[in-house]
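Student: Quick one, structure for this:
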Amino acid sequence: MPVDESLIVPTRFSLESGKEEAGKLLDRNAPTAIFAFNDVLACAAIQAARIRGIDIASATSANRSYQKSKDSLALAFSLFI
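Tutor: Now for the predicted structure:
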């Protein structure tokens, strides 16, 4: 499977930087998932989605069968839209 390098976004490990970069991804073509390196960047992606009116709880509820535990969210955040 080819990798779209434009979807790999380097960022500083801060809430503001993560929110800005996640927002850019969400503003382009809404991705089907966002992988965040750590909890701070996952929170930033959630905030960026909320600013844009994306309801994370509704967006992920159909995919809960793939989430075995909340512990897995500490390692990786998937935002299903």
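Student: what sits against the residue found closest to Pro31 once you drop the neighbours it is linked to in the chain?
Tutor: Nearest residue to Pro31 in three dimensions, chain neighbours excluded: Leu25, at 5.7 Å (Cβ to Cβ, 6 or more residues apart in numbering). Yep, even glycine has a C-beta here, placed from its N, CA and C like the rest. Leu25 is in contact with 7, 9, 31, 34, counting by Cβ atoms under 8 Å, 6 or more residues apart in numbering.
Student: could you dump these to JSON lines with distance to Lys19?
Tutor: Below are the contacts of Leu25 laid out as JSON lines (distance: Cβ to Cβ, whole Å):
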{"residue": "Leu7", "distance to Lys19": "17"}
{"residue": "Val9", "distance to Lys19": "12"}
{"residue": "Pro31", "distance to Lys19": "15"}
{"residue": "Ile34", "distance to Lys19": "12"}
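Student: tell me the two of the residues you listed that are most distant?
Tutor: Pairwise distances across the contacts of Leu25 (Cβ to Cβ) peak at 10.5 Å, for the pair Val9 and Pro31.
Student: tell me which residues in the one helix or strand Asp27 maps to are buried?
Tutor: Per DSSP states H and E: Asp27 is located in helix 15-28. Neighbour-count burial for helix 15-28 flags 18-19, 21-23, 25-26 (criterion: 16 or more other Cβ atoms under 10 Å).
Student: so what's Ser14 closest to, chain neighbours aside?
Tutor: Nearest residue to Ser14, sequence neighbours excluded (Cβ to Cβ, 6+ apart): Val40, at 7.0 Å.
Student: Please tell me how far that neighbour sits from Lys19.
Tutor: Between Val40 and Lys19 the computed distance is 10 Å (Cβ to Cβ, to the nearest Å).
Student: Check whether Pro10 sits in a helix, strand or coil.
Tutor: Here Pro10 is coil, with the state taken from DSSP: H, G, I helix; E, B strand; the rest coil.
Student: Make 760 the starting number, not 1.
Tutor: All right, first residue 760 from here; so that's Pro769.
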